[in-house]
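# Kindly return the folded structure for what I paste below:
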Amino acid sequence: MSSTVFVLNAGSSSLKYQLVDPGTAEVHASGTVERIGEAGGVRDHEAAVREALADIAGKPAPVAVGHRVVHGGDRFDRATVVTPEVEHAIDELAALAPLHNPANLQGIRAAQAVLDVPQVAVFDTAFHRTIPAAAATYAIPAGLAERYQVRRYGFHGTSHQYVSRKAAEFLGIPLESSKLIVLHLGNGASACAVDGGVSVDTSMGMTPLEGLVMGTRSGDIDPAALFHLHRQAGLGFEELETMLNRESGLKGLTGKGDMRDVQAAAAAGDEQAEAALAVYRHRIRRYVGAYMAQLGGLDAIVFTAGVGENNSLLRRRTLARLEHFGVHVDPDRNEVASKEPRRISPDGSPVAVLVVPTNEELEIARQTAAVL
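Next up, the predicted model:
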């Protein structure tokens, strides 16, 4: 009997899909439908879902659909079967994620129209609902924060949850007593302190903009810098928002948003690119140090996602100044490429350094199956 889950990640103009068995982790099909609603593309999200279904025809029929939903606010702390009430909540939470939740909801409604199986929403923010108030609270007027839901929510939750579990398994220690720092480094990037399998702090905040330097996002910045740019450069609200999300980060510092291009430029002697990489590494070290203090001990630092999994030079140079904390990188192990979890620190190091490939689709499928 089939036990596959159809995992959907709906964006405003694209639909990523994967048909996966949550028990065996076997992927039966995967792909992306692009240019939804654009010239040369499919008409709408329902048409995109139908195209994805055509691709999986003949494969094991899905018993459920697992949807990635970016923002669950303070309402959802776990994967949830989609009901009219859940749809309404996702719609209301679009105020916190206007670029993501509306598209996620379109994907849910499109799948409902063409598939008569349970639909489950898996929230990026859910894993971080355990963050204590001291870490989640911004020091602004409390009434305003409560009324407009201003707090740290955190993102990349499915990745951090999957990777922290795999890291504990690899180390052979109970997840319930593990202390880990997970570095999800891709075009979007975030750090997470995981204590006993529970998120206790994370670098992304109310939105995915806060925290580490990313491909096109600034990460941390003094808010007064934006007031200054408004007054002195005449930049309006929308211009500033666009700048911070799409024109900053590595792209803002170098003109290149892809880490591979920036690193190639640095290797060729581009001083601007090397300076940008120094900023990138410095920001990561700042969070690693802070999370060491918050955790009160550390079993492992874990790299994951595209940059974290594949960029050995970045890993080595980022951790190079942490030896006095018991963090060491074995140069030979660090250069080994693999799709399996691996240790890149020497045997016997006080703090293990791991590379653990993430698998958000499998995590979504497993959470979907667990709900059902």
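# contacting residues around stretch 365-372?
Contact with stretch 365-372 is made by 3, 5, 7, 18, 20-23, 63-66, 78-81, 118, 120, 122, 158, as judged by Cβ atoms under 8 Å, 6 or more residues apart in numbering. In this view, the C-beta of every residue, glycine as well, is placed from N, C-alpha and C.
# S3 in helix, strand or coil?
Three-state call for S3 (DSSP: H, G, I helix; E, B strand; the rest coil): coil.
# hey, where'd the strands end up in the stretch 1-150 of the chain?
5-10, 14-20, 27-34, 64-69, 80-81, 119-123 (DSSP state E, counting those that start in this stretch).
# can those go into TSV with extra columns for mean neighbour count and mean pLDDT?
Listed next are these as TSV, based on neighbours: other Cβ atoms under 10 Å; pLDDT from 0 to 100:
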stretch	mean neighbour count	mean pLDDT
strand 5-10	27	97
strand 14-20	23	96
strand 27-34	16	95
strand 64-69	26	97
strand 80-81	18	97
strand 119-123	27	98
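# Figure out which of those strands is closest to A136.
strand 119-123 (15.6 Å; Cβ to Cβ).
# a strand runs through L183, doesn't it?
Yes. L183 forms part of a strand when assessed by three-state DSSP.
# how close does the spatially most central residue of the chain get to F127?
Taking Cα atoms, centre = their mean as the criterion, H156 is the residue nearest the geometric centre of the chain, at 2.6 Å. Distance of H156 to F127, computed by Cβ to Cβ, to the nearest Å: 9 Å.
# One more: I301?
With Cβ to Cβ as the criterion, I301 and F127 are 18 Å apart.
# So which residues of the stretch 101-250 of the chain form helices?
Remark: helices assigned in the stretch 101-250 of the chain by DSSP state H, counting those that start in this stretch are 101-114, 133-136, 142-147, 157-171, 223-233, 237-246, 249-254.
# wait, what's in contact with the residue in the chain sticking out farthest from the centre?
Within the chain, the residue lying farthest from the chain centre (Cα atoms, centre = their mean) is Q232, at 34.4 Å. When the contact criterion is Cβ under 8 Å, 6+ apart, Q232 has no partners at all.
# What residues are bridge-paired with E34?
Taking DSSP bridges as the rule, E34 bridges to S14.
# thought it was touching G41?
Yes. Using Cβ atoms under 8 Å, E34 is in contact with G41, at 6.4 Å.
# overlap in contacts of the two?
Common contact partners of E34 and G41 (Cβ under 8 Å, 6+ apart): S13.
# where in this protein is pLDDT low?
Flagging of the chain using pLDDT under 70 yields the residue ranges 1-2.
# domain assignment for it?
5-123, 173-360 (automatic domain parsing).
# Phi and psi next, for D270.
Backbone torsions for D270, taken as degrees, to the nearest 10, come to phi -80, psi 110.
# Can you give me the neighbour number for it?
Per other Cβ atoms under 10 Å, the neighbour tally for D270 reads 16.
# Likewise for the one 3 residues further on?
Burial of A273, expressed as a neighbour count using other Cβ under 10 Å, amounts to 22.
# how would you label it: helix, strand or coil?
When classified by three-state DSSP, A273 comes out as helix.
# surely it meets T254?
Yes. Between A273 and T254 there is a contact at 5.1 Å, judged by Cβ under 8 Å.
# what touches both of these two?
Residues touching both A273 and T254 by Cβ under 8 Å, 6+ apart: V262, A265.
# give the contact list for R35.
Taking Cβ under 8 Å, 6+ apart as the test, what R35 contacts is S13, S14, G41, V42.
# Count the residues that sit near the first one.
So the one you mean is S13. Neighbours of S13 (other Cβ under 10 Å): 15.
# what sits against it?
By Cβ under 8 Å, 6+ apart, the residues touching S13 are E34, R35, I36, G37, E38, G41.
# Return the closest of those with respect to V329.
For the contacts of S13, the closest approach to V329 (Cβ to Cβ) belongs to E34, at 38.0 Å.
# related to what we said a few turns ago, now the residue nearest to the centre of the chain: how far from A320?
25 Å.
# Ok, A273 next?
Here the criterion is Cβ to Cβ. By it, A273 lies 18 Å from A320.
# Please apply the same query to I173.
For I173, the distance to A320 - Cβ to Cβ - is 26 Å.
# and what of A265?
In this view, A265 and A320 are 21 Å apart by Cβ to Cβ.
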